[in-house]
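*Asks:* Next one to model:
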Amino acid sequence: MGRILVLEEEEEEEGVKIFIEISIVPIVKFLNYKNKMEEEVKRVNFSDEEKKFLETLIMTKYGKIVDSKKTDDGTKAEKKQAWENLAQEFNAQNLLRKRAPTQLKKYWENIKTRRKKLLTQDKNQRLITGGGPEPTGTWSPEPELDSYIQTQVDTELKFPHDSDHYFLTRNKEPVSVVSENEDILVEEYEDPDFNVDNVAMSSTLIERPRPGRLSTLLIQVGLVLIYF
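*Replies:* Numbers count the residues shown, from 1 in each chain. Reported below is the predicted structural model:
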């Protein structure tokens, strides 16, 4: 039982303190019970059936929206609505339990993160073994999911920033350049505003040393002597 001070008064002749005793045990029990229930809800894992159905919904219907790399306000609104629609369709299957859009979104992000790590580890192992036998371990390929995730990874690597995307795609015709140190074909893009002749001329003018005062004086004297 706890005591909570509600009002306190002091008089000159006799001190008066008024306390109201309130039992806080039921309140504490209620809060503990609520926290425990929330923790139990968080611990509830997705079943394999739920996982497969969520992956199918995203890969076949909602992926273009929920996995879009755009971040403008319009796209954010579309993503929010897409997750709500996806949750309704997901819960209509009456699988294990009802899932909120935020739960489905978080779980999908976890799936992508784990698969990206596994795909990267598998690729690194293949490079080490020179493309030999598949590395042994906990790796369990999921062809459809892995293909979808790999497409997402390739998009992220190809267009990390919109500005880079614009710079690389503003010129249409690629020029093949072979490195002198490595036999690797590197694709570069021509800039129509870039003139090699103008750059070379500018460099020559900049690098050409200016004549000093003594040199100028000697040249002038020489010209005078030649004239006479």
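
*Asks:* Flag the helix or strand of this protein with the lowest per-element mean pLDDT.
*Replies:* Of all regular secondary-structure elements in the chain, judged by mean pLDDT, DSSP states H and E, the least confident is strand 185-189 with a mean of 34.

*Asks:* Domain-wise, how is this structure divided?
*Replies:* When the chain is parsed with automatic domain parsing, its domains come out as 2-39, 47-162.

*Asks:* for the record, mean pLDDT for the last one?
*Replies:* Okay, so that is domain 47-162. Domain 47-162 carries an average pLDDT of 86.

*Asks:* Likewise for the shortest one?
*Replies:* Averaging the model's pLDDT scores along domain 2-39 yields 56.

*Asks:* Counting residues, name the longest helix you see in the protein.
*Replies:* In the chain, taking DSSP state H as the definition, the longest helix is helix 101-129.

*Asks:* Quick check: which helices or strands does it pack against?
*Replies:* helix 48-57, helix 73-91, helix 143-158 (3 or more Cβ pairs under 8 Å, 6 or more residues apart in numbering; DSSP states H and E). Backbone N, C-alpha and C define where each C-beta goes, glycine included.

*Asks:* Now do the buried residues in the shortest one.
*Replies:* So the one you mean is helix 48-57. 50, 53-55, 57 (16 or more other Cβ atoms under 10 Å).

*Asks:* swap in stretch 108-119?
*Replies:* So stretch 108-119, judged by 16+ other Cβ under 10 Å, has buried residues 108, 111-112, 115-116, 118-119.

*Asks:* So which residues make contact with it?
*Replies:* Outside stretch 108-119, the residues that touch it by Cβ atoms under 8 Å, 6 or more residues apart in numbering are 51, 54-55, 58, 66, 139, 142, 145-146, 149-150, 152-153.

*Asks:* ok, of those residues, which come out buried?
*Replies:* Buried members of the contacts of stretch 108-119, scored by 16+ other Cβ under 10 Å, are 54-55, 58, 66, 145, 149.

*Asks:* Let's have these in CSV, adding distance to residue 75.
*Replies:* Output for these, formatted as CSV (distance: Cβ to Cβ, whole Å):
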residue, distance to residue 75
54, 21
55, 22
58, 16
66, 10
145, 24
149, 21
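
*Asks:* Grab the two from those residues that are most spread out in space.
*Replies:* Largest separation among the buried ones among the contacts of stretch 108-119 by Cβ to Cβ: 66 and 145, giving 14.9 Å.

*Asks:* re the thing from before, closest to residue 126 among the buried residues of stretch 108-119?
*Replies:* Of all the buried residues of stretch 108-119, residue 126 sits closest to residue 119, with 10.7 Å by Cβ to Cβ.

*Asks:* how close does the closest one get to residue 69?
*Replies:* 18 Å (Cβ to Cβ, to the nearest Å).

*Asks:* Ok, residue 95 next?
*Replies:* Remark: distance between residue 95 and residue 69 (Cβ to Cβ) = 30 Å.

*Asks:* quick one: which of the two has more around it?
*Replies:* Using other Cβ atoms under 10 Å as the criterion, residue 95 and residue 69 rank with residue 95 on top: 15 against 11.

*Asks:* which ones are touching that one?
*Replies:* The contact partners of residue 95, by Cβ under 8 Å, 6+ apart, come to 47, 49-50, 53.
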